[in-house]
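Peer 1: Dropping a prediction and its sequence here:
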Number of protein chains: 2
Amino acid sequence: MKNFLLSAFFLFFSFNIMSQEAIWDSPDLKSPEINADNSVIFRLYAPNATDVKITGNWMEAEGWSPGTVDLTKDDKGIWIYESDPLNSDLYSYSFLVDGVRVNDPSNVFVVRDVNTLSNIFIIEGKLGDLYSVNDVPQGTVTYRWYFSKGNDKDRRITVYTPPNYEQSNKSYPVLYLLHGMGGDEEAWSSLGRAAQILDNLISRGDAEPMIVVMPNGNVAQQAAPGKSQEGLVQPSMSLPNTMDGKREKTFIDVIEFIEENYRVKQSASKRAIAGLSMGGFHSLHISRIYPKTFDYVGLFSAAVFPDESVDSEVYNNFEGALMQQMENGYELYYIAMGKEDFLYDQCVELRSIMDSIGMSYIYNESDGGHTWSNWRVYLSEFVPMLFK
Amino acid sequence: MKNFLLSAFFLFFSFNIMSQEAIWDSPDLKSPEINADNSVIFRLYAPNATDVKITGNWMEAEGWSPGTVDLTKDDKGIWIYESDPLNSDLYSYSFLVDGVRVNDPSNVFVVRDVNTLSNIFIIEGKLGDLYSVNDVPQGTVTYRWYFSKGNDKDRRITVYTPPNYEQSNKSYPVLYLLHGMGGDEEAWSSLGRAAQILDNLISRGDAEPMIVVMPNGNVAQQAAPGKSQEGLVQPSMSLPNTMDGKREKTFIDVIEFIEENYRVKQSASKRAIAGLSMGGFHSLHISRIYPKTFDYVGLFSAAVFPDESVDSEVYNNFEGALMQQMENGYELYYIAMGKEDFLYDQCVELRSIMDSIGMSYIYNESDGGHTWSNWRVYLSEFVPMLFK
């Protein structure tokens, strides 16, 4: 009896999977399959579909979005596409089945970018390995809540603490790492692979052990979609108060929370702030209006100037505050921008202002545009320069 | 110039979204839409599809899996289905577009169960509110790594600490909460809504503030799929050493890690262990072979007996160890099982053994089978009985 029941237990699971396969009527497919030369085969079982395409972030853009390529159907109803060999990196893709955007049913790994889920895969090698979990000491990722006085609400925050933080008595430097418009406190830890990048750089001796603080920069929001009292509402780009000065003015709440709750070094030489797009805009202005607070600033594909409808003292005295920042002294001002980025001209204008007042910075101009592929690279380049 | 550039920044985002819509050629749909009577409308734009179905966990099962229902296409190419009014709960569903399993493109909220992603939604009310983020103090969820001596590897673990844990100096009781076959250290925090359930029960005064430890019970595995050195490999049910005694024997590593790293009360009266399915099996046997360690035991849809091929001293002396457990004393032995669960007969046999030796327990027999809907309810019933 006992043995019969237990066998039933194991049988159930095989049977259950078989049964699901029967329902979906789908063979056990491997997709994506990465070949030895780093070309990639994608497969989708869809015998009744008439048109299947794939869109992936390695494809030539068509307008603002990546292009699409047709898959070919074999005689078993499996649609197949094989890419050219790809460089080592993390990639995202989706299928289009008869016009409907579909995640690959053979790949459970997805990331959310604003209101879109995409599958991901990694090509091993230089960048791919940097974004992977390796046999190295792992830091801790914590999702917790704090009260923001300036915004009068409880807010969720992501904190990375480096390996051995819990066991040591040391104090650590802090990088405040800010997301872009449509992002939230989960963006850098999911799309940005921040924990993997830090674990790997620290274990190689390329970066100082540091705490990385990833707050939610949308001050109208408590937390990422689905993680707040708003419930399971679809994410939106159109949030109020994202670039009107309120974020910058209330950022002190984040710093105070971290410095009261973590073993951190509390001096400008041990604080960095960086962000992408809107988060670069926030980093630029926060580092201006909190003088002598951050000796390291990183702008990744940053917006620079507020919209003309915005009226906030935060954005006053732009050049004057930069000159003051220069006079106060700092260790590093890092600016990175893609050649095809739609914010490229803003970056040119910022650099021309900085040049005109003699303010030094490191400038990394990369290929490509406003993409996570670039932002992961910028982070990987920025972090090793910190706190040395 | 500045204003032009910034306007371009905002324009880009609206344009980008428009552009994506143009590519997908899909109107901005609301799906799922929950009506006032708790019926739910599902919508999918798929003008070129010939057959669209929905499968959801509220539907009558067909064999092991939920059934499917056809959607109806309107003259704009939008496929629509409206459910009957649903009870308050958390539900999961997927579409089938011309036979291909598809997540709802209008709903970014998905959960992974083994190798399948499904969309979720919540119907407000009794259970739905318990699984939601409410205006109450929120605990902290931490994903971190520890070294397991018994398994000779670094392993990932999820730890929930209750609101104010970080600010207080108190020590807390601990619930060890174990997942089932195919699960991992992320199962209870995602599918199980454990953090939300605890936050809500604690804030209502229905549960003691406690730490909830959610380890990975697959001892051959370091971490959840995608979170380990194995990389982005598809999850599988077929892992070695899941129910052969190794988990039970090496569980001491988890307890020691927690008691060395968290402010916890270190007595049997302040330790609970509970799990679902395979995790119930582990809870049963761990509580037997670690005498005087757990005064609270919870078996949710538990397997009870090892497979006949298994030869481990862990499973010897079954009745004798239960009698010893009874003699040592405990506060609560909670057993929950669904009427339609395929493990129902194992539960009958366990209860008959316990009855025959006079070992007391609380028994909750529910409707339904081997489902997360049941396990969330069992957790919500079990937790208020702990540490009183």
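Peer 2: Thanks, I have the structure now. None of the values given here were measured: they were computed from a predicted structure. Numbering: from 1, shown residues only, chains lettered A, B, ... in the order given.
Peer 1: in which helix or strand would I find A:Glu260?
Peer 2: helix A:252-261 (DSSP states H and E).
Peer 1: and if you look at A:Ile120?
Peer 2: A:Ile120 belongs to strand A:116-123, assigned by DSSP H and E.
Peer 1: by contact count, what packs against the helix or strand immediately after that strand in the chain?
Peer 2: Sequence order places helix A:126-130 as the next helix or strand after strand A:116-123, per DSSP H and E. Applying 3 or more C-beta pairs under 8 Å, 6 or more residues apart in numbering or on different chains; DSSP states H and E, one finds that helix A:126-130 makes contact with strand A:89-97, helix A:194-203, helix A:372-382. In this view, the C-beta of every residue, glycine as well, is placed from N, C-alpha and C.
Peer 1: Which stretch among the ones you listed approaches chain B most closely?
Peer 2: Among these, the nearest to chain B by C-beta to the nearest C-beta is strand A:89-97 (5.4 Å).
Peer 1: Can you name every helix or strand that that closest one contacts?
Peer 2: Looks like strand A:89-97 contacts strand A:40-45, strand A:52-56, strand A:100-102, strand A:116-123, helix A:126-130, helix A:372-382 (3+ C-beta pairs under 8 Å, 6+ apart).
Peer 1: follow-up on the earlier one: could you dump the helices and strands packed on helix A:126-130 to JSON lines with mean neighbour count?
Peer 2: Shown next, in JSON lines, are the helices and strands packed on helix A:126-130 (neighbours: other C-beta atoms under 10 Å in any protein chain shown):
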{"stretch": "strand A:89-97", "mean neighbour count": "23"}
{"stretch": "helix A:194-203", "mean neighbour count": "22"}
{"stretch": "helix A:372-382", "mean neighbour count": "22"}
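Peer 1: Save those as TSV, and put in mean pLDDT and distance to B:Ser65 too.
Peer 2: As requested, these are exported to TSV (pLDDT from 0 to 100; distance: least, C-beta to C-beta, whole Å):
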stretch	mean pLDDT	distance to B:Ser65
strand A:89-97	97	21
helix A:194-203	98	35
helix A:372-382	98	36
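Peer 1: Show the end-to-end separation of stretch A:294-314, please.
Peer 2: Start-to-end span of stretch A:294-314 (C-alpha to C-alpha, to the nearest Å) is 17 Å.
Peer 1: Identify each buried residue in it, please.
Peer 2: A:294-307, A:314 (16 or more other C-beta atoms under 10 Å in any protein chain shown).
Peer 1: Name the residues that touch the helix holding A:Glu260?
Peer 2: Under the criterion C-beta atoms under 8 Å, 6 or more residues apart in numbering or on different chains, residues A:146-151, A:157, A:159, A:174, A:176, A:211, A:213, A:215, A:264, A:266, A:271, A:290, A:293, B:166 lie in contact with helix A:252-261.
Peer 1: Buried ones among those residues?
Peer 2: Using 16+ other C-beta under 10 Å, the buried ones in the contacts of helix A:252-261 are A:146, A:148, A:151, A:157, A:159, A:174, A:176, A:211, A:213, A:215, A:264, A:271, A:290, A:293.
Peer 1: For the fourth one, which non-adjacent residue is closest in space?
Peer 2: Translated: A:Ile157. What sits nearest to A:Ile157 in space, not counting adjacent residues and going by C-beta to C-beta, 6 or more residues apart in numbering or on different chains, is A:Pro215, at 4.9 Å.
Peer 1: quick one on the thing from earlier: so of the buried ones among the contacts of helix A:252-261, which ones are in helices?
Peer 2: If you go by DSSP state H, these have nothing in helices.
Peer 1: Please produce TSV containing the residues you listed, extended by pLDDT.
Peer 2: Listed next are the buried ones among the contacts of helix A:252-261 as TSV, based on pLDDT from 0 to 100:
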residue	pLDDT
A:Tyr146	98
A:Ser148	97
A:Asn151	96
A:Ile157	98
A:Val159	98
A:Val174	98
A:Tyr176	98
A:Ile211	98
A:Val213	98
A:Pro215	98
A:Val264	98
A:Arg271	98
A:Tyr290	94
A:Thr293	98
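Peer 1: Quick check, A:Gly139 in contact with A:Ala195.
Peer 2: Yes: if you go by C-beta atoms under 8 Å, A:Gly139 and A:Ala195 touch, sitting 5.8 Å apart.
Peer 1: interface residues of the stretch 201-350 of chain A facing chain B?
Peer 2: Contact residues (C-beta under 8 Å from any C-beta of the partner chain) of the stretch 201-350 of chain A with chain B: A:223, A:225-229, A:231-232, A:234-235, A:237, A:261, A:303-308, A:342-343, A:345-346, A:349.
Peer 1: Any quick ChimeraX command for the buried ones out of those?
Peer 2: Only the buried entries of these go into this ChimeraX selection, using 16+ other C-beta under 10 Å:
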select /A:223,225,226,227,228,231,232,234,235,237,303,304,305,306,307,342,343,345,346
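Peer 1: Which of the residues of the stretch 201-350 of chain A next to chain B fall within helices?
Peer 2: Counted as lying in helices by DSSP H, out of these, are A:Asn261, A:Asp345, A:Gln346, A:Glu349.
Peer 1: Could you identify the most distant pair in the residues you listed?
Peer 2: Across these, the two members that end up farthest from each other (C-beta to C-beta) are A:Asn261 and A:Asp345, 40.5 Å apart.
Peer 1: Tell me where chain A is predicted with low confidence.
Peer 2: Residue ranges of chain A with pLDDT under 70: A:1-27.
Peer 1: Please parse it into its domains.
Peer 2: The record's domain parsing of chain A by automatic domain parsing lists A:22-124, A:140-385.
Peer 1: need these in a markdown table with distance to B:Ser373, can you?
Peer 2: Formatted as a markdown table, those follow (distance: least, C-beta to C-beta, whole Å):
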| stretch | distance to B:Ser373 |
| --- | --- |
| domain A:22-124 | 19 |
| domain A:140-385 | 17 |
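Peer 1: Find the residues that touch each one of A:Gly139 and A:Ala195.
Peer 2: Joint contacts of A:Gly139 and A:Ala195 (C-beta under 8 Å, 6+ apart) are A:Tyr160.
Peer 1: now do the same end-to-end measure for stretch A:83-102.
Peer 2: 19 Å.
Peer 1: no wait, stretch A:270-290
Peer 2: Between the opening and closing residues of stretch A:270-290 there is a gap of 15 Å (C-alpha to C-alpha).
Peer 1: From A:Gln266, how far off is A:Glu260?
Peer 2: Distance, A:Glu260 to A:Gln266, by C-beta to C-beta, to the nearest Å: 10 Å.
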